[in-house]
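Visitor: Pasting the sequence and the predicted model now:
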Amino acid sequence: MSSAGQYSAFADAAIFAAVRTPWVDLGGALSQVSPIDLGIKVGREVLARAGIDPQAVDSVLAGSMAQASFDAYLLPRHIGLYSGVAQAVPALGVQRICATGFELLRQAAEQLRDEVQLALCVASESMSRNPIAAYTHRDGFRLGGEVQFKDFLWEALYDPAPGLDMIATADNLARRYGLSRKAVDRHACDSHQRALQAQRDGAWTEEIVTVDNQVFELEGYQPRGISLARRASAVSVDSHPRPTDLAALTRLRAVHPGGVQTAGNSCAVVDGAAAALVGRASASTRPALARLLASAVVGVAPEFMGIGPAPAIRLLLQRSGLNLGDIGRFEINEAQAAQVLAVAHELELDSTRVNVQGGSLALGHPLAATGLRLVMTLARQLRQHNLRYGIAAACVGGGQGMALLIENPVYRA
């Protein structure tokens with residue numbers, strides 16, 4: 001694999017605080033909430049937890065993949081304004097599909113080199129509100145003509161360049177790396193079991209904010225707010241992790257004949273949002289959650305898009321002067337089980353250091369928000385176990401991979 005790609009090193013960047021909503025299943029309690037309002041919720045909460053005046057924020061960076069509300073164009077700006085950030089502070093929309101959360105952090109760290117002192121990064125995704133869309137009927141419908149309304153949530157999984165959906169690209173990796181259906185199902189089972197144990201242990205309690213029905217006021221402007229579905233009054237835990245056994249996974253039919261990927265060993269579809277505050281490490285009066293050291297992003301063949309984390313991690317290590325043995329934990333997004341197993345096989349990763357609290361197969365993958373979740377989960381693991389370095393990585397639809405290197409600021413040798 002080529003080491004070509006984009007590498008960035010950051011000398012003085014840190015994450016001061018990071019939070020997220022619970023990841024809630026498609027059609028669940030968050031299903032009717034605009035991603036803008038989910039983003040405002042975590043934006044306000046991360047500032048409150050850090051004890052930082054919103055007026056101190058110099059930049060707002062926000063991302064969301066689907067057009068999940070009619071005011072979607074305004075998502076970055078409204079998240080900033082309703083989070084209490086000064087009106088004069090600009091907001092920017094960021095998009096790198098499944099690596100959007102990483103890209104938010106990368107761009108924030110890059111902005112610190114200029115006049116920015118503190119950046120608010122927010123990623124929010126409502127998979128439930130993905131539209132049923134039509135792109136060819138602006139001029140109306142012809143008598144007897146074909147009427148095309150399609151499910152954006154499903155159709156967005158298809159890449160017309162290789163003529164494959166994302167599931168098929170994972171099946172390609174299974175064939176390339178000789179991954180059996182049994183091995184893929186076992187990984188999915190392990191992901192659920194690890195996630196359930198982590199949930200019982202309270203591993204995510206510190207990073208999750210309870211979401212309830214509330215109104216967001218902004219003086220001089222219309223109020224916004226959250227109204228939960230299914231008569232819920234509040235949600236405080238991830239809803240998808242559940243008892244799962246290998247036998248049940250084995251009974252599921254493959255999505256494509258002859259393939260290994262099923263609904264059970266592919267990432268869960270969920271709604272959720274996450275936020276992080278990024279600033280200069282040298283300006284912090286208390287230890288940050290993590291130091292941002294470097295990022296790497298690469299392109300790979302679209303038909304094997306899931307392998308993207310492998311060359312991204314290689315580039316990150318080559319340019320930073322570290323090796324795999326220096327990395328205490330890896331959080332690699334589990335788009336599909338075959339995909340993450342192929343990455344682990346390609347890099348010869350020790351499974352005891354990869355996704356030790358389970359991954360997106362069990363928790364779910366709200367596209368834009370996943371990268372922030374991976375980084376905050378990783379940062380807290382490094383602190384808990386006194387490990388110095390960690391890498392978070394994800395594959396990206398269309399054929400990319402991205403990885404971030406972080407450091408535990410309170411590591412003791």
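Guide: Perfect, thanks for sending it.
Visitor: Could you report the distance from the spatially most central residue of the chain to residue 66?
Guide: With distances taken as Cα atoms, centre = their mean, residue 370 lies nearest the centre of the chain, 1.1 Å away. According to Cβ to Cβ, to the nearest Å, residue 370 and residue 66 sit 14 Å apart. C-betas here are computed from N, CA, C, even on glycine.
Visitor: Grab the longest helix from the protein for me.
Guide: Longest helix in the chain by number of residues (criterion: DSSP state H): helix 181-200.
Visitor: C-terminal to that helix, what's the next element?
Guide: strand 211-212 (DSSP states H and E).
Visitor: Pairing partners for that following strand, with directions?
Guide: Sheet pairing of strand 211-212 (DSSP bridges) gives strand 234-235 (antiparallel).
Visitor: what is the mean pLDDT for the strand it pairs with?
Guide: In this model, strand 234-235 has a mean pLDDT of 98.
Visitor: Tell me how far that strand lies from the chain's centre.
Guide: Strand 234-235 sits 21 Å away from the centroid of its parent chain (Cα atoms, centre = their mean, to the nearest Å).
Visitor: Stretch 91-111 now?
Guide: The answer for stretch 91-111 is 11 Å, by Cα atoms, centre = their mean.
Visitor: List the buried residues of that stretch.
Guide: By neighbour count on 16 or more other Cβ atoms under 10 Å, the buried set for stretch 91-111 is 91-94, 96-109, 111.
Visitor: So which residues of the stretch 301-413 of the chain form helices?
Guide: With DSSP state H, counting those that start in this stretch as the criterion, the stretch 301-413 of the chain has helices at 309-320, 337-347, 360-363, 370-384.
Visitor: next one: the stretch 101-250 of the chain
Guide: So, for the stretch 101-250 of the chain - with DSSP H, counting those that start in this stretch - the helices run 152-155, 166-177, 181-200, 246-250.
Visitor: Let me know the outermost residue of the chain.
Guide: residue 143 (44.1 Å).
Visitor: For it, grab phi and psi.
Guide: Dihedral pair for residue 143: phi -60, psi 120, per degrees, to the nearest 10.
Visitor: Relative to residue 150, how far out is it?
Guide: Using Cβ to Cβ, residue 143 is found at 21 Å from residue 150.
Visitor: With just CA atoms, put stretch 180-200 into PDB.
Guide: Extracted C-alpha coordinates of stretch 180-200, given in PDB (Å, rounded to 0.1, in the frame of the first residue of the first chain):
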ATOM      1  CA  SER A 180     -15.200 -16.600   6.900                       C
ATOM      2  CA  ARG A 181     -18.800 -16.000   7.800                       C
ATOM      3  CA  LYS A 182     -18.100 -17.600  11.200                       C
ATOM      4  CA  ALA A 183     -15.200 -15.300  11.900                       C
ATOM      5  CA  VAL A 184     -17.200 -12.200  10.900                       C
ATOM      6  CA  ASP A 185     -20.200 -13.200  13.100                       C
ATOM      7  CA  ARG A 186     -17.900 -14.000  16.000                       C
ATOM      8  CA  HIS A 187     -16.400 -10.500  15.800                       C
ATOM      9  CA  ALA A 188     -20.000  -9.000  15.800                       C
ATOM     10  CA  CYS A 189     -20.900 -11.200  18.800                       C
ATOM     11  CA  ASP A 190     -17.700 -10.000  20.600                       C
ATOM     12  CA  SER A 191     -18.500  -6.400  19.900                       C
ATOM     13  CA  HIS A 192     -22.000  -6.700  21.500                       C
ATOM     14  CA  GLN A 193     -20.600  -8.500  24.500                       C
ATOM     15  CA  ARG A 194     -17.800  -6.000  25.000                       C
ATOM     16  CA  ALA A 195     -20.300  -3.100  24.700                       C
ATOM     17  CA  LEU A 196     -22.700  -4.600  27.100                       C
ATOM     18  CA  GLN A 197     -20.000  -5.200  29.700                       C
ATOM     19  CA  ALA A 198     -18.700  -1.600  29.200                       C
ATOM     20  CA  GLN A 199     -22.300  -0.300  29.700                       C
ATOM     21  CA  ARG A 200     -22.600  -2.300  32.900                       C
END
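Visitor: Name the residues of it that are buried.
Guide: Applying 16+ other Cβ under 10 Å to stretch 180-200 flags 181, 183-196, 198-199 as buried.
Visitor: Check stretch 279-296 too.
Guide: Neighbour-count burial for stretch 279-296 [16+ other Cβ under 10 Å]: 279-281, 288-296.
Visitor: in which helix or strand would I find residue 13?
Guide: Here residue 13 is covered by strand 6-20, with elements defined by DSSP H and E.
Visitor: list the helices and strands that strand packs on?
Guide: The helices and strands touching strand 6-20, judged by 3 or more Cβ pairs under 8 Å, 6 or more residues apart in numbering; DSSP states H and E, are helix 35-50, helix 100-111, strand 270-280, strand 290-299, helix 309-320, helix 370-384.
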